[in-house]
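[1] Here is a sequence with its predicted model. Questions after.
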Protein chains: 2
Amino acid sequence: MEISIAVAKINKYATSESGDTLEVVERPNGGLSVVLADGQTSGRGAKTVSTLVVRKVISLLAEGVRDGAAARAASDYLFTERNGKVTATLNILSADLQTNTVVITRNNPAPVFVSQEDKVDSLNTESLSIGTSRNIRPSICEVALQAGLTIVLFTDGLTQAGERYGTPMDVCTTLEALLEEQNPPAQELADALLTHAIKLDEGRPSDDTSVVVLRTLPDCGDLIRRMTVHLPVENY
Amino acid sequence: MEISIAVAKINKYATSESGDTLEVVERPNGGLSVVLADGQTSGRGAKTVSTLVVRKVISLLAEGVRDGAAARAASDYLFTERNGKVTATLNILSADLQTNTVVITRNNPAPVFVSQEDKVDSLNTESLSIGTSRNIRPSICEVALQAGLTIVLFTDGLTQAGERYGTPMDVCTTLEALLEEQNPPAQELADALLTHAIKLDEGRPSDDTSVVVLRTLPDCGDLIRRMTVHLPVENY
């Protein structure tokens, strides 16, 4: 089996710094975790908050702390550091090779979509952002790690795309349409969702937006691990 | 301009855990750093050592510590933790958007190749692995961040490939041949170098092997940041 994880990420229009922070980290007992946080507002302040949250989570995950405990710790930490005045959304997506599951941890009102075969389920139970009170609990969902799985998560820039033009994005319908095509690679899915959102915002993203797609394929071809990062740099 | 970073990584034949650890981290003042460590020997013990080193380095880089200082700190830390009995190689490759340079930090006898246009330079000044004594200094090289740059670094699995069959790999020549082709993408270069090494080892890599390629292109197309990770999972 092969696990593919793809990320597509853009800044709010005319903003040089994204309030979304994303890091991928190797799990100490096998597998990978993607940690995504979106700090309140945008620009430098939001970046500082989301970085603080993501750093805390990845350092705990690296020590073997479980995802739910890491999310709670990050919440309490942000609450303490910023006196409960600043909020952030947090998602952790882990392919855990010790339990052979995918663990989806959400402190984010935005849903997470999980698809097996052609059916798309929405994880949309109420879930609070972290940082504004003590004892904020994450919503956690665990699914068996098997071939044919697609998981899509994102920051609220995606769901808010097009709203100011009266054409809000229906992420679930867009995703279903994309999945009907012949097994699109994870990066193609992430790119298609993000570019659709940018189009609805008429080329000027109204918020920092990040899309993460995890897909599992039955065959891995070879045993080579691969990672590619593309970082566009403006004004060069 | 677009910065592409690609990684291709394989375990020693019939080993479930790699002694090489690699993480990519966002720099707090803009840009990315790739941190690669190869722990002494192979398997679980080597993994623990390389993870310890990489974690220390990325946590320092995330706090804004400069690459050279982070490498020295990791060396002293490993020396202290393991009483000078365990060694590891360490490479840090940073695309620093604050200084607009690429910083190459080496504590690794293996060279790093830097190419601008068609010429390939080898950074091969003497460089000691970390962990066996105090005050081990890294070799640091800084080059301007501009389009047309290719940087290739790797763990010693690559240079040792084919040795036991009397057909050692000449990384520099292989790289020069690959660069003569029409601007291969970073991932294609990393894959080609690794698969050539595996072939010289007759399909059974004699050591954990990691290849990192950084390339800069004049155009970035769009302003979307992208990341893809492919993780093959055996026995599924």
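    Received it, and whenever you're ready, just let me know what you need.
[2] same for the longest helix anywhere in chain A, what does it pack against?
    Longest helix of chain A, by residue count under DSSP state H: helix A:44-62. Under the contact definition 3 or more CB pairs under 8 Å, 6 or more residues apart in numbering or on different chains; DSSP states H and E, helix A:44-62 sits against strand A:20-26, strand A:31-39, helix A:67-81, strand A:88-96, helix B:44-62. Every residue, glycine included, has its C-beta placed from N, CA and C.
[3] one more time with 6 Å, if that's ok
    Where contact means 3 or more CB pairs under 6 Å, 6 or more residues apart in numbering or on different chains; DSSP states H and E, helix A:44-62 is packed against strand A:20-26, strand A:31-39, helix A:67-81, strand A:88-96.
[4] do you know how far A:Ser33 is from B:Asn183?
    Using CB to CB, to the nearest Å, A:Ser33 is found at 34 Å from B:Asn183.
[5] again with A:Leu61
    Per CB to CB, A:Leu61 is found 37 Å from B:Asn183.
[6] The two: who's more crowded?
    A:Leu61 (23 against 11; other CB atoms under 10 Å in any protein chain shown).
[7] which residues touch that one?
    Going by CB atoms under 6 Å, 6 or more residues apart in numbering or on different chains, A:Leu61 touches A:Val25, A:Ser33, A:Ala70.
[8] ok, those vs chain B, which is closest?
    A:Val25 (6.6 Å; CB to the nearest CB).
[9] give the contact list for the spatially closest residue to that closest one that is not a sequence neighbour.
    Ranked by CB to CB, 6 or more residues apart in numbering or on different chains and with sequence neighbours excluded, the top spatial neighbour of A:Val25 is A:Ile58, at 4.5 Å. A:Ile58 makes contacts with A:Glu23, A:Val25, A:Val35, as judged by CB under 6 Å, 6+ apart.
[10] Same list, those residues, but as a markdown table with neighbour count and pLDDT please.
    Conversion of the contacts of A:Ile58 to a markdown table gives the following (neighbours: other CB atoms under 10 Å in any protein chain shown; pLDDT from 0 to 100):
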| residue | neighbour count | pLDDT |
| --- | --- | --- |
| A:Glu23 | 22 | 96 |
| A:Val25 | 22 | 94 |
| A:Val35 | 29 | 98 |
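[11] and chain A, which of its residues are near chain B?
    Residues of chain A found near chain B (CB under 6 Å from any CB of the partner chain) are A:1-10, A:55, A:62, A:187, A:220, A:223-233, A:236.
[12] Of those, which belong to strands?
    With DSSP state E as the criterion, strands contain A:2-10, A:225-232 from among these.
[13] Distance check, A:Asp201 against A:Thr80.
    36 Å.
[14] Repeat that for A:Ile151.
    For A:Ile151 relative to A:Thr80 (CB to CB), the value is 31 Å.
[15] who has more neighbours, those two?
    Remark: of A:Ile151 and A:Thr80, A:Ile151 carries more neighbours, 24 against 11, as counted by other CB under 10 Å.
[16] In which helix or strand does the residue nearest to that one when sequence neighbours are not counted reside?
    The spatial neighbour of A:Ile151 that comes closest, neighbours along the chain excluded (CB to CB, 6+ apart), is A:Leu214 at 4.4 Å. Element membership for A:Leu214, per DSSP states H and E: strand A:209-217.
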